[in-house]
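Chemist: Predicted model, plus sequence, below.
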Amino acid sequence: MKQHLAYLTFLVRDYDEAITWFTRVLRFELREDAPCGAGKRWVRVAPPGGGPGLLLAKAATSGQEAAVGRQAAGRVFLFLHTDDFRRDHAEYMARGVKFAEDPREEVYGTVAVFLDLYGNKWDLIQPR
C-alpha cells in the first residue's frame, strides 16, 4: 500500500488575505483556487519546493473562528524546511514576519519559531 499526506487544513478568516500573505510573504505557490458554491472555495497553497500543501479553509462557525491562530493550542503547528536558513530568515524579516525567538542551533539543524498572519507558530528549519 502507498499513502502520503496531500494537504493539511489551515483555518483562515478570509481567503484572499491568506492567499496574499502566503504567496507574497512566504513565497508559497497558489496551486488551486476554485469556487465551491455558497461562498466556499477550494484553495491550495504550497511551498515552492513541493511536498504537502495547505488547504485554506475559511472559518464558518464560531468554534472554527475561535481556532484561527490557535490550531495547535499555542504549540508549534507547522515545520517549514529550507535549504538556506539565513536567506529565508532575512527575507521573512524584511517582509515583516514576526519571529518569536532568535535563530538557534539544535541537533536537528538551525531553527527559529515564527508567527503566521494569525499567530500560529511555525518552525523555520534548515536540517543538518
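Modeler: Received it, and whenever you're ready, just let me know what you need. Numbers count the residues shown, from 1 in each chain.
Chemist: Give the buried residues for the longest helix along the chain.
Modeler: Counting residues, the longest helix in the chain under DSSP state H turns out to be helix 85-94. Within helix 85-94, the residues scored as buried using 16 or more other Cβ atoms under 10 Å are F85, D88, H89, Y92. C-beta here means a position set from N, CA and C on the backbone, and glycine is covered the same way.
Chemist: close enough to count as contact, the third one and Q126?
Modeler: Right, the one you point to is H89. No - contact criterion Cβ atoms under 8 Å: H89 and Q126 do not qualify, at 9.1 Å.
Chemist: Now do the residue lying closest to Y118 once chain neighbours are set aside against W42, distance only.
Modeler: Of all residues not flanking Y118 in the chain, G69 sits nearest, at 3.5 Å (Cβ to Cβ, 6 or more residues apart in numbering). Distance, G69 to W42, by Cβ to Cβ, to the nearest Å: 22 Å.
Chemist: Having no further points to raise, I will conclude here.
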